[in-house]
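# pasting a predicted model and its sequence here:
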Amino acid sequence: MDQKNNLYIRRGNKIYIRNPKLEELSFVEKLWGNEKNMKDIGGTYFFPKEKWEMFYRKMVYPTDGKNFFCLIYDLKDNPVGEVSFHGYNSITKVARINVKIHYKYRGLGYASEALKLLLEYYFWNFGGEAIIDSADTKEAKKLFDKLGFEVINKFKEQVTYKLEKNQFSAYDRTDNKDVYILCYDDMNILDYSIAVKIFTTANELLNNNYFNIHLVSNKKEVVTEGKIHFYIERNYQELVRKKSIFVIPGSDSVKLNLDRSHIIEYIRKEYFNSDYIILLSKELMELEKNLNINISEDKKLLDYGKIIIARDYKENINACINIIRNILGEKIALNIKKHFIENS
């Protein structure tokens, strides 16, 4: 959540989704008013400025509790589409889903990533249990199939799809993940140990080296806060495998807190290679200006989708578990967390 503007934001690899400001509905007016964007879903819709405020109050802020609406932005902050859920039933915990990409930006993978980001919020934060929608174009059907939706009804060319919370994972479970842990002098050994133990526990319970753990640094040897020496297998300037998880342990060092430039440099360098970046640290306020993140001072766990920030021991555990949940699903993640706590 962007606390300054009450705007939710969630970041991905190619795009990010965010609640729009009221004036940004001008993009929606153009999106809905263009025949090339709307020809497959019934044609254009007139959305003049006089309708913006009512729509905004229902769908964005403060909302009626049944709807949630975001614009989709590319990494240059250009709006490229919209994604939302609507008609949420608080008894059945089911809603319908919507995604539209401007015709100029189609074929780039924006729709699938936007839906993944929205579904992460819907299932993990909002509390939804299932999502449904209908499709009658090849492109839409392919998208729902790709994301793991199941067919629940067919009528002529129209197919109705459903995805339940326990079926959802944001990534292909068959694709092993590399976990890179940034090591540096005076890092917190407990933060480091939590990450290593959780991903190791996951491998043990899965009976598979699904998470490949690597230590990286700008030095061949680092000395932690507890004066433990680490000998590092690879320099972080080397090319690393894409689609990875990067973990940055925190530090209580006053000296380090005054200069985190090498950590900022590392995060910037690997931002586009990674699926997730986990920051396990208590002193993070300087990241707001360096990484374009608005940090809430009253929360211990901040989940921005691609970047997750944890501020204490308990939330360090939850940050790593949240990543596993997004990749492998909630049931597996909860089992790993239970096993980790019982054996800690």
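It's in. Every value quoted in this text rests on a predicted model; they were computed, and no experiment measured them.
# count the neighbours of residue 207 for me.
7 (other CB atoms under 10 Å). Just so you know, the C-beta spots here come from the backbone N, C-alpha and C atoms, and that holds for glycine as well.
# quick one, domains of this protein?
9-167, 177-342 (automatic domain parsing).
# select from those domains the stretch with the lowest mean pLDDT.
Confidence, taken as mean pLDDT, is least for domain 177-342 of the domains of the chain (a mean of 81).
# and the end-to-end length of that one?
The straight-line separation of the ends of domain 177-342 (CA to CA, to the nearest Å) is 25 Å.
# how far does it sit from its chain's centre?
15 Å (CA atoms, centre = their mean, to the nearest Å).
# neighbours around residue 309, how many?
26.
# on the three-state scheme, it is what?
strand (DSSP: H, G, I helix; E, B strand; the rest coil).
# bridge partners for it, pull those for me.
residue 279, residue 302 (DSSP bridges).
# same question for residue 223.
Bridge pairing for residue 223 - DSSP bridges - gives residue 229.
# might one say that it is in contact with residue 186?
Yes: between residue 223 and residue 186 there is a contact at 7.4 Å, judged by CB atoms under 8 Å.
# got a list of what the residue found closest to residue 181 once you drop the neighbours it is linked to in the chain touches?
Closest residue to residue 181 apart from its sequence neighbours, by CB to CB, 6 or more residues apart in numbering: residue 247 at 4.6 Å. Residues near residue 247 by CB atoms under 8 Å, 6 or more residues apart in numbering: 179, 180, 181, 182, 195, 278, 280, 320.
# the last one falls within a helix, correct?
If I follow you right, that is residue 320. Yes: under three-state DSSP, residue 320 falls within a helix.
# so for this structure, the centremost residue is which one?
residue 305 (2.1 Å; CA atoms, centre = their mean).
# just to revisit the earlier point, and the residue nearest to residue 181, how far from residue 143?
31 Å (CB to CB, to the nearest Å).
# ditto for residue 52
Residue 52 is 28 Å from residue 143, by CB to CB.
# cool, and residue 198?
32 Å.
# for the nearest residue to residue 124 once chain neighbours are set aside, what are its contacts?
Once flanking residues are discounted, residue 124 sits nearest to residue 325: 6.9 Å by CB to CB, 6+ apart. Contact analysis of residue 325 by CB under 8 Å, 6+ apart lists 124, 332, 333, 334.
# and the residues you listed, which are buried?
Buried subset of those (neighbour count, 16 or more other CB atoms under 10 Å): 124, 332, 333.
# you'd agree the last one is up against residue 320?
Okay, so that is residue 333. No: the pair residue 333 / residue 320 is not scored as a contact, 9.5 Å apart, by CB under 8 Å.
# re earlier: settle it for me: which of residue 223 and residue 186 has more neighbours?
residue 186 (18 against 15).
# quick one: that one and residue 331, what's the gap?
38 Å.
# quick one: contacts of the longest strand seen in the chain?
Secondary structure of the chain per DSSP state E: the longest strand is strand 79-89. Residues outside strand 79-89 that contact it (CB under 8 Å, 6+ apart): 15, 17, 20, 24, 27-28, 31, 59, 65-74, 94-102, 104-105, 110-111, 114-115, 117-118, 122, 126, 128, 131.
# now intersect those residues with the helices, please.
Under the assignment DSSP state H, the contacts of strand 79-89 contribute 27, 28, 31, 59, 110, 111, 114, 115, 117, 118 to helices.
# thinking again about what came up before, run me through the strand neighbours of the longest strand of the chain, direction for each.
For strand 79-89, pairing defined by DSSP bridges yields strand 68-74 (antiparallel), strand 94-101 (antiparallel).
# can you name the residues in contact with the longest one?
By CB under 8 Å, 6+ apart, the surrounding residues in contact with strand 94-101 are 31, 37-38, 41, 66, 72, 80-89, 110-111, 114-115, 118-119, 122, 128-133, 143.
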